[in-house]
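Chemist: Predicted model, plus sequence, below.
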Amino acid sequence: MTDLVVYGASQVATPTDEDEMVTFRDAAVAIEDGIVTAIGSTEEVTRDHPPENATDAVDAAGRTVLPGFVDPHTHAAFAGDRADEFTAKLAGADYQDILAEGGGILRTVRATRDASRDQLVENLLAQLDVMLAHGTTTAEVKSGYGLDVETEVKMLEAIDEAASRHPIDVVPTFMGAHAVPEDTAPEEYVDRVVEEQLPVVAKHDLAEFCDVFCEAGVFSVDQSRRVLEAGVEQGLTPKIHADEFDRLGGSQLAADIGATSADHLLQSTEADITALGEANVTPVLLPGTAFSLAADYADAPAFEGADVPVAIATDFNPNCYSQSMEFTIELACNGMRMTPSSALRSATVTAANAIDRTDGLGTLREGSPGDLVVADVPDYQHLPYNFGVQNVQTVVKNGEVVHDDC
């Protein structure tokens, strides 16, 4: 029996693995056992999959059907609040000024250490609810607000529990090397990450990826390499924060070590872009971070001109407080001058590549996962065009309606 038929859509739009955008008018999608089994015109799809015979059906008249969004870079597990730092930034303080005064990441570290595991689970579930309402069906979530064995494990266990209780597929990343704890030398802390934290994370199978903040005043290229190589030895796939404020060589390290993704990349050069492309490292651009910091955006056209497809992500965290991939797509177009088709591709199939999901996630085709969103727009181009509002109404995960605002 067909699980779900979405029919009568003004448009079904999907990027493909071949870097194309395919659209259907007056269209439908059928899903069986969580997998897309038919896509095309409503007449053709409903002939073989009548909506009245399906377990569930969605009349998408006047609306657009898209793949579920994939958010490949978030810090959504944390405790505490930093809204006052937003006001401080508006008054002229920059990221490093706030960090130097005990704010920023280290402030969230203190709050997260004080929080119980149950509090972290409930906090994350609430954030995932908002992400889901805006169309995210798969999201990466990092640790990194613990900076000690106990709290990093607590965070990853909370991420795992929240994932088991929520429709969104959550991909866990260990990021013990997110900052240097107070009163600790960077090299000393790298020792702790490598010798204490990583073995425990690997032993209990708490993460899929290992990430590091390669940045001036945080971790050098050599220190970052040491963390990532230790992660590989423990069975974790490398990712890296690189070239956000300064160009240290993080992109080159990502290419050299074979990272799945290199993220931020505001300062990356043409040589960096070429190296990432040649090494098949997915660049992840984070326009929300630039927006929240009133900083320059990453040069998306430079990546596209070099034929290096980029992913986009929210970077949701206490310093970039947006859970919405809808908003990220809008910023990609209006801030980074990406076309709607490029931005949608970056938020779906290329974003899936950034977390090593190559089973058709981020596309709608026969055999792909049955993850989709129904947006109250007549055409996919209207998603970034009609910015600042929630266009997503219905969200489907594995063929099941998991959110519906209709």
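Modeler: That came through, no problem. Numbers count the residues shown, from 1 in each chain.
Chemist: quick one, strands of the stretch 301-406 of the chain?
Modeler: Taking DSSP state E, counting those that start in this stretch, the strands of the stretch 301-406 of the chain run over residues 311-312, 372-375, 392-397, 400-404.
Chemist: Which one, of the ones you listed, ends up nearest to residue 44?
Modeler: Between residue 44 and these, the shortest gap by CB to CB is with strand 372-375, which sits at 17.8 Å. Just so you know, the C-beta spots here come from the backbone N, C-alpha and C atoms, and that holds for glycine as well.
Chemist: strands paired with that closest one, and their directions?
Modeler: With DSSP bridges as the test, strand 372-375 is paired with strand 64-67 (antiparallel), strand 392-397 (antiparallel).
Chemist: related to what we said a few turns ago, who wins for proximity to residue 208 among the strands of the stretch 301-406 of the chain?
Modeler: Among those, strand 311-312 comes nearest to residue 208, with 16.4 Å by CB to CB.
Chemist: Please report the distance of residue 229 from residue 202.
Modeler: Distance of residue 229 to residue 202, given as CB to CB, to the nearest Å: 14 Å.
Chemist: Comparing the two, which residue is more hemmed in?
Modeler: Residue environment comparison for residue 229 versus residue 202 gives the larger neighbour count to residue 202, 18 against 14, counting by other CB atoms under 10 Å.
Chemist: Can you tell me the closest non-neighbouring residue to the more buried one?
Modeler: Once flanking residues are discounted, residue 202 sits nearest to residue 234: 3.6 Å by CB to CB, 6 or more residues apart in numbering.
Chemist: Tell me, how many residues neighbour that neighbour?
Modeler: Taking other CB under 10 Å as the neighbour definition, residue 234 ends up with a count of 18.
Chemist: Could I get the pLDDT score of it?
Modeler: The per-residue pLDDT reported for residue 234 equals 98.
Chemist: Likewise for residue 88?
Modeler: The pLDDT attached to residue 88 in the predicted structure is 86.
Chemist: ditto for residue 123
Modeler: 98.
Chemist: of all the strands paired with strand 372-375, which lies closest to residue 16?
Modeler: Proximity to residue 16 (CB to CB) singles out strand 64-67 among the strands paired with strand 372-375, at 10.4 Å.
Chemist: State the mean pLDDT of that closest one.
Modeler: For strand 64-67, the per-residue pLDDT values average out at 98.
Chemist: thought residue 135 was touching residue 392?
Modeler: Yes - taking CB atoms under 8 Å as the contact criterion, residue 135 and residue 392 are neighbours in contact, 4.1 Å apart.
Chemist: more neighbours, those two?
Modeler: More crowded of residue 135 and residue 392, by other CB under 10 Å: residue 135, with 30 against 25.
Chemist: show me what contacts that one?
Modeler: With CB atoms under 8 Å, 6 or more residues apart in numbering as the criterion, the residues that contact residue 135 are 66, 68, 69, 325, 326, 373, 375, 392, 395.
Chemist: if we go to 6 Å?
Modeler: 69, 325, 373, 392, 395 (CB atoms under 6 Å, 6 or more residues apart in numbering).
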